[in-house]
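[1] sequence unknown, structure follows:
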């Protein structure tokens, strides 16, 4: 079977579904193909933090500004995909106080709201907080439920004429005269797609997808472990106020907390070693902020793979720098109707999607502008409807399995 589409989006994470939604709302004929269920990659296997930008404020002003702007937008449009928690950066005795001060100033310069409190006030707000906390900083972090967020974007795309194909892996591409003329899908949709434009939003697999078109996209994927342990009643996200490293974030759910994370390069985003020592290290480091998690029952463990772009990582020196995104046009590589989007963070998925949709619409001669920053996601105020979308698109990831469908 053969079908034609104006745009084929490859990848069913937040960015891919966000692109499909943005294009469908502009009246563009769009098809999305995902090799598994939605949220199967980095989006659904994250720690679920909605960044305020504070984490990157002193190292990347542009990235931090994008985070706070998108944080505010998602609070307006995503409803029950977001849990309002706030975030608390805490300083322990081993942490450099000048780093705390630099982060505070950078946040203030970027209009990221901060409120400095002493250790006693921090423990009043978070009773289980370590007695060693010397001071802390409130920031507008929150928790995102990626399974709901991704599925809601897909549902809006579908409701506006888009086709969402799950369990539809890309098997091959045909390139003729500098254009992709056909994409063969397998799985539940054994058919050939004939697209006008192809968008590669495959995350850590973007390099492998690009190879099918004869294009090189250099990725540097890194694995990170998340550990959910039993612990109820934590209010804010906890961040260790030091240079980003292993085990420096605790994300609250209702009856548990998610501890994260590590960063280890992998050569294959599907096949990689999972080290027990990383689990132990993550728990040990997070317990410096929240001692009770050291002996709390472990509920589940999962690993995510970050879709990092190799040239940027090499230039910036790796971990600790904001995860910016990159829109790669492949006309110079000999394939004029092919675009890749790599890097980025879950928090900035909508902005990434808008950037790609702007380019695609320019190529197609579509004058409509993006409306995704103002338009509420379907089911945003109805958790049961959001959870139905997750089931419809087989989109349940491990990050929020305890919260979706409660």
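    Okay, I see it. Please read all numbers here as calculations on a predicted model, not as lab measurements. Numbering: from 1, shown residues only.
[2] The strand or helix carrying residue 7 pairs with which strands?
    Assigned by DSSP states H and E, residue 7 falls within strand 2-10. The strands beside strand 2-10 in its sheet (DSSP bridges) come out as strand 30-33 (parallel), strand 191-200 (parallel).
[3] remind me which residues of the stretch 301-406 of the chain are low pLDDT?
    In the predicted model, the stretch 301-406 of the chain carries pLDDT under 70 at residues 313-323.
[4] And the strands in it, which stretches?
    325-329, 338-343 (DSSP state E, counting those that start in this stretch).
[5] could you dump those strands to a markdown table with mean neighbour count and distance to residue 62?
    Placement of C-beta: from N, CA and C, glycine included. Shown next, in a markdown table, are those (neighbours: other Cβ atoms under 10 Å; distance: least, Cβ to Cβ, whole Å):
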| stretch | mean neighbour count | distance to residue 62 |
| --- | --- | --- |
| strand 325-329 | 17 | 11 |
| strand 338-343 | 26 | 13 |
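[6] Just name the shakiest helix or strand of the chain by mean pLDDT.
    Using mean pLDDT, DSSP states H and E, helix 310-316 stands out as the lowest-scoring helix or strand of the chain, at a mean of 71.
[7] Skip the chain neighbours and tell me the closest residue to residue 354.
    In space, and not counting its chain neighbours, residue 354 is closest to residue 370: 4.6 Å by Cβ to Cβ, 6 or more residues apart in numbering.
[8] hang on, the earlier thing: residue 146 is nearest to which of the strands paired with strand 2-10?
    Closest to residue 146 of these, according to Cβ to Cβ: strand 30-33, at 16.4 Å.
[9] Can you name the residues in contact with the next helix-or-strand element following that closest one?
    As assigned by DSSP H and E, the chain's next helix or strand after strand 30-33 is strand 49-50. Outside strand 49-50, the residues that touch it by Cβ atoms under 8 Å, 6 or more residues apart in numbering are 71, 74, 82, 87, 141-144, 237, 249, 251, 346-347.
[10] Pull the distance from strand 49-50 to the chain's centre.
    9 Å (Cα atoms, centre = their mean, to the nearest Å).
[11] Quick check: neighbours of that strand in the sheet, parallel or antiparallel?
    strand 142-144 (antiparallel).
[12] buried set for the partner strand?
    142-144 (16 or more other Cβ atoms under 10 Å).
[13] before we move on, the earlier item: now the strand holding residue 7 and strand 338-343, what's the angle there?
    30 degrees (axes from the mean of the first three to the mean of the last three Cα atoms, to 10 degrees).
[14] Rounded mean pLDDT for strand 2-10, please.
    Strand 2-10 carries an average pLDDT of 97.
[15] Provide a list of residues in contact with the closest residue in space to residue 44 that isn't next to it in sequence.
    Closest residue in space to residue 44, ignoring its immediate chain neighbours: residue 397 at 2.2 Å, by Cβ to Cβ, 6+ apart. If you count contacts by Cβ under 8 Å, 6+ apart, residue 397 has them with 39-40, 43-45, 146-147.
[16] quick one: which of those residues is nearest to residue 389?
    Nearest to residue 389 among the contacts of residue 397, with distances taken as Cβ to Cβ, is residue 147, at 9.0 Å.
[17] Now do the contacts for the closest one.
    Applying Cβ under 8 Å, 6+ apart, the residues contacting residue 147 are 38-39, 44, 390, 395-397, 399-401, 404.
[18] okay, which residue is most central for the chain?
    residue 346 (2.2 Å; Cα atoms, centre = their mean).
[19] Looks like the residue nearest to residue 354 contacts residue 24 (just checking).
    No - taking Cβ atoms under 8 Å as the definition, residue 370 is not a contact partner of residue 24, at 11.5 Å.
[20] Between those two, which has more neighbouring residues?
    residue 24 (25 against 20; other Cβ atoms under 10 Å).
[21] average pLDDT for the helix or strand in which the more buried one is found?
    Assigned by DSSP H and E, residue 24 belongs to helix 14-25. Here helix 14-25 scores 98 as its mean pLDDT.
[22] Distance from the chain centre to it, please.
    For helix 14-25, the distance to the chain centre is 14 Å (Cα atoms, centre = their mean).
[23] so it versus strand 191-200, what angle?
    110 degrees.
[24] on contacts alone, who are the packing partners of helix 14-25?
    strand 2-10, strand 30-33, helix 146-159, helix 349-364 (3 or more Cβ pairs under 8 Å, 6 or more residues apart in numbering; DSSP states H and E).
[25] how about the ones you listed in CSV, adding distance to residue 270?
    Below are the helices and strands packed on helix 14-25 laid out as CSV (distance: least, Cβ to Cβ, whole Å):
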stretch, distance to residue 270
strand 2-10, 16
strand 30-33, 17
helix 146-159, 19
helix 349-364, 22
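[26] so which of those gets nearest residue 196?
    Short answer: strand 2-10, nearest of these by Cβ to Cβ, at 4.8 Å.
[27] Provide the contact partners of the closest one at residue level.
    Outside strand 2-10, the residues touching it (Cβ under 8 Å, 6+ apart) are 16, 19-20, 23, 28-34, 163, 170, 182-183, 191-202, 209, 360, 364.
[28] my guess is the residue nearest to the centre of the chain meets residue 146, correct?
    Yes - Residue 346 lies in contact with residue 146 (Cβ under 8 Å); the separation is 6.2 Å.
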